[in-house]
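> Okay, predicted coordinates and the sequence, questions at the end:
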Amino acid sequence: MERTREMTSIGADWDKFYSAEISSKTPFFSRDGRLYDCLFAQQLNRELLERLFKTAGDLREITQKKEGADFVSSLLSHKRGMLYFVQPSTRTFLSFLNACHILGIKTSEIRDTSTSSEVKGETPEDTVRTFSSYVDLIIMRHPAPGFVEKTAWLMNRTGRPVPIINGGSGKDQHPTQALLDMYTLYRSFNGSVDGRKIVMVGDLKRGRTVRSLSYLMKNYKNISLAFVSPKEFKMEPDILEFLNKHSISFIETEDFGSVMGDADAIYMTRIQDEHDKTGESKKVDYSPFYFKKEHLKILKKNCVIMHPLPRRHEIEPAVDEDPRAMYWRQERNGMWARAALIAHIFGVDSKIR
Ligand code: NCD
């Protein structure tokens, strides 16, 4: 993966680069016609999404048999990956770890800055640069929005760049969650996502999953969105502007009941109180934004109920038995979708097909 002189000269100044339009900087994070760093949901266009969904499906099928699993795990057995997850994570961490293992990538991990030389005063940037001395891929979750992008920017300017995948950056973006969410919608609707009515519920202001998923809607035709949240935690204006710009229809409401019956998918989220500054979550009654067993009878027969998980009380466990509860399958879809993404980044997806 050779860098061109033109690419290395883009974005010499980080602050300028960070504030630039995403569309102008995406070439910096691509190589040889493929994604190199996966940082924003806006990098995932329809063609790429469907290609990744196809690879994910092929991986599922091929790896059922030992010979297939052995073949797939030989594809990247010469590569090493690093998971730098310094914010709590169960699913994203485990699904990435197992996605790496499916492809044969050997992994190492840091899950807490207190165990790295950052406690000796090393900057996070130097710490991350150190990883690239040992590994060929870095997957990161970090509490600061922009940090994962900065790492990719820095790394692309070094003599030994490695791909960076964003596993969640502050309350900003979670592109691979959006990828697996869209994969779940795609599978649930047998490939026909166009024209669907999608309801997103909860703390939309601070939930990075709903932000990234909203960006992906531009790839599909005639989607209608309903954003259901307490007035304190409404979807941020930058996302609404994006939807307006791309003529994606949406409504905002506090009345969950008013949009349930018409939905093709209901995407539940928990309150993101880790972002509280002055205990603002405690002042909000979140119970109108819960999905209860009694609501099942209002839903359409083929509606799917999704949740990025972890859940607290937003979905009553009794709902889990209903065939429309998709969140456990959604979780598993994440591993295959992430394996497909890594295969794409390393250019081995064509061997899987
Ligand atoms: C989400 C996250 O971390 O943003 N979880 C996940 O990645 N599956 C959602 C959440 O924590 O609420």
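Nice, I can see it. Numbering: from 1, shown residues only.

> now the longest helix along the chain, how far from the chain's geometric center?
Looking across the chain with DSSP state H, the single longest helix is helix 327-345. Here helix 327-345 shows a centroid-to-chain-centroid distance of 10 Å under the convention C-alpha atoms, centre = their mean, to the nearest Å.

> can you check stretch 146-160 too?
Remark: stretch 146-160 is offset 19 Å from the chain centroid, using C-alpha atoms, centre = their mean.

> check whether that stretch contacts the ligand.
No: shown here: stretch 146-160 not in contact with the ligand (C-beta under 6 Å from any ligand atom), separated by at least 13.0 Å. The way it works is simple: take the backbone N, C-alpha and C, and place the C-beta from them, glycine included.

> Show me which positions of that stretch end up buried.
Neighbour counts over stretch 146-160 (16 or more other C-beta atoms under 10 Å) mark 146-157 as buried.

> coming back round to it: can you name every helix or strand that the longest helix of the chain contacts?
Other helices and strands packing on helix 327-345, by 3 or more C-beta pairs under 8 Å, 6 or more residues apart in numbering; DSSP states H and E, are strand 34-35, helix 46-62, helix 91-102, strand 164-169, helix 175-188, strand 304-306, helix 349-352.

> Now do the fourth one against helix 327-345, angle only.
To tie it back to what came earlier, the one meant is strand 164-169. Strand 164-169 runs at 150 degrees relative to helix 327-345, counting by axes from the mean of the first three to the mean of the last three C-alpha atoms, to 10 degrees.

> Counting by contacts, list what strand 164-169 packs against.
helix 91-102, strand 137-142, helix 147-156, helix 175-188, helix 327-345.

> hmm, try it at 6 Å
On a contact count with 3 or more C-beta pairs under 6 Å, 6 or more residues apart in numbering; DSSP states H and E, strand 164-169 meets strand 137-142, helix 147-156.

> next one: the third one
Packing partners of helix 91-102 (3+ C-beta pairs under 6 Å, 6+ apart): helix 327-345.

> Next, the angle from the helix it packs on to helix 91-102.
Helix 327-345 and helix 91-102 are oriented at 50 degrees to each other (the same axes, to 10 degrees).

> average model confidence for helix 327-345?
Mean per-residue pLDDT for helix 327-345: 98.

> what does stretch 101-121 give?
Stretch 101-121 comes out at a mean pLDDT of 90.

> follow-up on the earlier one: pick the most buried one from the helices and strands packed on helix 327-345.
Comparing the helices and strands packed on helix 327-345 by mean neighbour count (mean count of other C-beta atoms under 10 Å), strand 164-169 ranks first with a mean of 27.

> which element is V199 on?
Assigned by DSSP states H and E, V199 falls within strand 197-201.

> Now do that strand: everything it contacts.
Residues outside strand 197-201 that contact it (C-beta atoms under 6 Å, 6 or more residues apart in numbering): 210, 224-228, 259, 262-268, 289.

> 8 Å - rerun?
Under the criterion C-beta atoms under 8 Å, 6 or more residues apart in numbering, residues 185, 210, 213-214, 217, 223-229, 235, 256, 259-260, 262-269, 289, 291, 314 lie in contact with strand 197-201.

> Reformat the helices and strands packed on strand 164-169 as TSV; add mean pLDDT.
Output for the helices and strands packed on strand 164-169, formatted as TSV (pLDDT from 0 to 100):
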stretch	mean pLDDT
strand 137-142	97
helix 147-156	93
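
> Give me the next element, helix or strand, following the strand holding V199.
Following strand 197-201 toward the C-terminus (DSSP H and E): helix 208-216.

> What residues does the stretch 201-350 of the chain have near the ligand?
Contacts of the stretch 201-350 of the chain with the ligand, taken as C-beta under 6 Å from any ligand atom, map to 208-209, 269-270, 308-310.

> just curious, which of these is nearest to L179?
Checking these against L179 with C-beta to C-beta, the nearest one is T209 at 10.9 Å.

> and this protein, what are its domains?
Following automatic domain parsing, one finds the domains of the chain at 2-173+333-351, 175-271+281-332.

> least reliable of the ones you listed going by mean pLDDT?
Least confident of these, judged by mean pLDDT, is domain 2-173+333-351 with a mean of 92.

> chain center to that domain: distance?
Remark: domain 2-173+333-351 is offset 11 Å from the chain centroid, using C-alpha atoms, centre = their mean.

> Tell me the residues on the stretch 51-200 of the chain that lie near the ligand, please.
The stretch 51-200 of the chain has residues 91-92, 168, 174, 177 near the ligand, with proximity defined as C-beta under 6 Å from any ligand atom.

> Name the nearest of these relative to T107.
Nearest to T107 out of those is T92 (C-beta to C-beta; 13.9 Å).

> Quick check: chain neighbours aside, which residue is closest to that closest one?
Excluding the flanking residues, the one nearest T92 by C-beta to C-beta, 6 or more residues apart in numbering is G167, at 4.9 Å.

> one step back: compare the helices and strands packed on helix 327-345 and give me the one nearest M335.
Evaluated over the helices and strands packed on helix 327-345, closeness to M335 peaks at helix 91-102, with 4.2 Å, by C-beta to C-beta.

> Identify all contacting residues around the helix or strand following that closest one.
Next along the chain after helix 91-102, taking DSSP H and E as the criterion, comes strand 106-110. Strand 106-110 is contacted by residues 77, 79-86, 93, 97, 100-101, 116, 134-135 when judged by C-beta under 8 Å, 6+ apart.
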